[in-house]
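Peer 1: Quick one, what's the 3D model for this:
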Amino acid sequence: MNIDLLSSIELTASAAIVIAALSITFGSNAATRIRLAAWLSAWFVVVVILAATRALYYEHGLGTPGLGLAVALPIAILCVAVARIKSLREGFHWAPLWLLIGVHTIRLLGISFIVLHAVGRLPAPFAPVAGWGDIFVGATAPLVAWLVHRQGANARPIVWIWNIIGIVDLIAAVGLGVMSSPGPARLILAEPSSAIMTTLPWLLIPGFLVPLLMSVHIAIFVRLVKDKRPALD
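Peer 2: Next comes the predicted model:
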């Protein structure tokens, strides 16, 4: 099967899993869950349209600045929404921490970066760093989630370390991707460039999954700092 088609299926399924998990977790009732799922799904559709029209492609689109905005703006909106909307704020406070961690299991799909590098469609160090970093975080997420569920507050130090590694991985991946993209910010001249990350299906990663997963990392940090309950789950 073509890697683009297979990845389209995998990324869409991953997005559906995250949308369902966060909607159920943050929604205090059925109506709120449906609204949250609808908004997240609409965002997903917007990213698909941007990718299909190549609106962020460097040759005739917004290029690196547009991609940076596509990553940063949703994170800011999500954080503000959770802070300002009462139902989401309450859902955030009571969301099982193990579930927020477990969602990151989808990052095992970082294997796609390794495959794309192997077939000469993404450059180093961007693809290997992003790929292996995601694979590590995704593979350890179920274990860390299980420790939180079973050991509660005793697992707090491990969660701190894992969460820091996870957020550093995303920052490194985005940074290396930008430095490998055609345009004024390009510092890594290895070929090929990372330009395909603005096209289908790959824009779903920086344009949808990365902001969502980064926001979940931020949520985990806030919970670790503010949650005074004896157990984390």
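
Peer 1: In contact with the residue nearest the centre of the chain: list those residues for me.
Peer 2: Closest residue to the average C-alpha location of the chain: residue 210 at 2.6 Å, with Cα atoms, centre = their mean. Residue 210 makes contact with 71, 170, 173-174 under the criterion Cβ atoms under 8 Å, 6 or more residues apart in numbering. No exception for glycine: its C-beta is placed from N, CA and C like everyone else's.

Peer 1: Can you give me the separation between it and residue 85?
Peer 2: Separation of residue 210 from residue 85 (Cβ to Cβ, to the nearest Å): 22 Å.

Peer 1: Residue 33 too?
Peer 2: For residue 33, the distance to residue 85 equals 13 Å [Cβ to Cβ].

Peer 1: So for these two, which sits in the more crowded spot?
Peer 2: Between residue 33 and residue 85, counted using other Cβ atoms under 10 Å, the more crowded position is residue 33 (19 against 15).

Peer 1: Report the secondary structure element holding that one.
Peer 2: According to DSSP states H and E, residue 33 maps onto helix 30-52.

Peer 1: which residues are in contact with that helix?
Peer 2: Outside helix 30-52, the residues that touch it by Cβ under 8 Å, 6+ apart are 15, 19-20, 22-24, 26-27, 55-56, 70, 74, 87-88, 91, 198-204, 207-208, 212.

Peer 1: Would you agree residue 75 is in contact with residue 214?
Peer 2: Yes - when contacts are counted by Cβ atoms under 8 Å, residue 75 is listed as touching residue 214 (5.4 Å).

Peer 1: Those two - which one has more neighbours?
Peer 2: The neighbour comparison of residue 75 against residue 214 (other Cβ under 10 Å) goes to residue 214, with 21 against 17.

Peer 1: buried ones in the helix or strand harbouring that one?
Peer 2: Assessed by DSSP H and E, residue 214 sits inside helix 210-226. Residues of helix 210-226 classed as buried under the neighbour-count rule (16 or more other Cβ atoms under 10 Å) are 210-220, 223-224.

Peer 1: what do you get for stretch 171-187?
Peer 2: By neighbour count with 16+ other Cβ under 10 Å, stretch 171-187 contains the buried residues 173-174, 176-181.

Peer 1: And stretch 141-155, by the same measure?
Peer 2: Using 16+ other Cβ under 10 Å as the test for burial, stretch 141-155 gives 141, 144-145, 147-149, 152, 155.

Peer 1: Turn those residues into CSV, columns for pLDDT and secondary structure.
Peer 2: Shown next, in CSV, are the buried residues of stretch 141-155 (pLDDT from 0 to 100; DSSP: H, G, I helix; E, B strand; the rest coil):
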residue, pLDDT, secondary structure
141, 98, helix
144, 97, helix
145, 96, helix
147, 95, helix
148, 94, helix
149, 91, helix
152, 81, helix
155, 91, helix
